[in-house]
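# what follows is a predicted protein model with its sequence.
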Amino acid sequence: MPSSAPVTTKRRFFLRWPFTLAVVAVIAYGVAIAMHWDDRGVLWVKEHFESKGEQRESVWLPAYRVDIDGKAFGDEDDEASDLAFNPRTRTLFAVMGKNPFLVELSLDGDMLRKIPLVGWENPEGVAVLEDDQLAIVDERHHDLTLVKVDATTSTLNRADFKSYDLGESVKSNKGFEAAAWDAQRKRLVIGEERPPRLFTWSTDGRSPLTGDKQALANDELDLRNLSALNVDPRTGHLLLLSADSNMLLELDEQGQQVSFMTLLGGFNGLSDTIPRAEGVAVDDQGNLYMVSEPNLFYRFKKTQ
């Protein structure tokens, strides 16, 4: 008499198959929600309905392609944290968090000089304002310090400059770590890592800060974390960088999502996924720059 074991095994397989599919579907849905793939899908569809004129009036991240792909600078132990463009010198300034110092880079990602940051514990954000003034955000101190950097600066001591308290964060180890200068609106934009939140501080970019930071109402921060931010000097649009979401997101003046760029290998010309994108800057010609931990430099240029 033939054995019924194969039939039983097949029956169990077919009985379990719908359950397995359901479990996989639930897990996939959870991952999609956590990574905001649902929001990205909606924005991807929306991008295809943007007119050429609307694209020209925005940064339009889908048009960018990398032309310097993961160029190493400095030491691997330095941990690049943020990046800002200086229009006067046409160079870039980056803060390094693990061994606190400020580094000046050429637009090709070559290191020009290193400036030790004495007294800073965990510098995470940097912004270039007016008249050689820079803002440095220290996540551990929960503050922002305005410093002066010119061609002769060889070291910076935190005690020599005024610092401004940013207040405690919702998560103490995921605090304020992003800053950008908005020259059109005469304000600093400050970002909190998790949950992602934005604040502004009115200033002319030359004088000491007055008043206090103000919350910037926004419900479009569909990111797992906020690593860095920048303001495009041509359009005034905000660029929000998220290492955890592997994404750069563009918001317009009303805080609405306009376009995005994924930082995964194979997209926008990237040969490999950017390991951990921590800084973003855009120059006055529209070229886009990023730094990633530990010490990698990227440049993107817009195609027609």
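Perfect, I can see it now. Source: prediction; values computed, not measured.

# residue ranges in the stretch 1-150 of the chain under the pLDDT threshold?
By pLDDT under 70, the low-scoring segments of the stretch 1-150 of the chain are 1-55.

# so which residues of it form strands?
With DSSP state E, counting those that start in this stretch, the ranges of strands along the stretch 1-150 of the chain come out as 64-72, 80-86, 91-96, 101-105, 111-118, 123-128, 133-138, 143-148.

# and those strands as a markdown table, adding mean neighbour count?
Using the backbone N, CA and C atoms, a C-beta is placed for each residue, glycine as well. Output for the strands of the stretch 1-150 of the chain, formatted as a markdown table (neighbours: other Cβ atoms under 10 Å):
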| stretch | mean neighbour count |
| --- | --- |
| strand 64-72 | 16 |
| strand 80-86 | 25 |
| strand 91-96 | 26 |
| strand 101-105 | 21 |
| strand 111-118 | 15 |
| strand 123-128 | 26 |
| strand 133-138 | 25 |
| strand 143-148 | 20 |
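
# out of these, flag the one nearest W181.
strand 123-128 (4.6 Å; Cβ to Cβ).

# what comes into contact with the closest one?
81-87, 93-97, 100, 102, 117, 134-139, 144, 176-181, 188, 190-191, 228, 279 (Cβ atoms under 8 Å, 6 or more residues apart in numbering).

# helix/strand/coil for L221?
coil (DSSP: H, G, I helix; E, B strand; the rest coil).

# now V280
V280, by the three-state scheme (three-state DSSP), is strand.

# is it true that it touches L248?
Yes. Applying Cβ atoms under 8 Å, one finds V280 in contact with L248, separated by 6.4 Å.

# quick one: closest of the strands of the stretch 1-150 of the chain to L221.
That would be strand 123-128 among these, by Cβ to Cβ, at 16.4 Å.

# listing partners with orientation, what would you give for the closest one?
When sheet partners are counted by DSSP bridges, strand 123-128 sits next to strand 133-138 (antiparallel).

# ok, back up a step: tell me which of V280 and L248 has more neighbours.
Each of V280 and L248 has its neighbours counted (other Cβ atoms under 10 Å); L248 has more, 28 against 24.

# what pLDDT is listed against the more buried one?
Turning to L248, the model gives it a pLDDT of 96.

# how close does it sit to Y289?
11 Å (Cβ to Cβ, to the nearest Å).

# do the same with E124
E124 is 17 Å from Y289, where distance means Cβ to Cβ.

# could you do H141 as well?
In terms of Cβ to Cβ, H141 sits 26 Å off from Y289.

# out of those two, which sits in the busier spot?
Y289 (23 against 19).

# look at the spatially closest residue to the more buried one that is not a sequence neighbour and say how many residues are nearby.
Nearest non-adjacent residue to Y289, counting by Cβ to Cβ, 6 or more residues apart in numbering: A281, 4.6 Å away. Neighbour count of A281, defined by other Cβ under 10 Å: 29.

# A281 against L83, yeah?
Yes. Using Cβ under 8 Å, A281 is in contact with L83, at 4.4 Å.

# what sits in contact with each of the two?
Joint contacts of A281 and L83 (Cβ under 8 Å, 6+ apart) are L92, Y289, M290.

# which residues touch the second one?
This points to Y289. Applying Cβ under 8 Å, 6+ apart, the residues near Y289 are L83, F85, L92, L107, V280, A281, V282, D283, F297, Y298, R299, F300.

# equivalent analysis for the first one, please.
Contacts for L92 (Cβ under 8 Å, 6+ apart) come out as L83, A84, F85, N86, E104, L105, S106, L107, A281, Y289.

# next one: G175
E139, R140, H142, L166, E168, S169, E192, E193.

# switch the residues you listed over to JSON lines; also include neighbour count and distance to D212.
Formatted as JSON lines, these follow (neighbours: other Cβ atoms under 10 Å; distance: Cβ to Cβ, whole Å):
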{"residue": "E139", "neighbour count": "24", "distance to D212": "19"}
{"residue": "R140", "neighbour count": "14", "distance to D212": "21"}
{"residue": "H142", "neighbour count": "16", "distance to D212": "14"}
{"residue": "L166", "neighbour count": "22", "distance to D212": "10"}
{"residue": "E168", "neighbour count": "10", "distance to D212": "14"}
{"residue": "S169", "neighbour count": "18", "distance to D212": "16"}
{"residue": "E192", "neighbour count": "23", "distance to D212": "15"}
{"residue": "E193", "neighbour count": "26", "distance to D212": "20"}
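
# biggest separation within the residues you listed, which pair?
R140 and E192 (14.1 Å).
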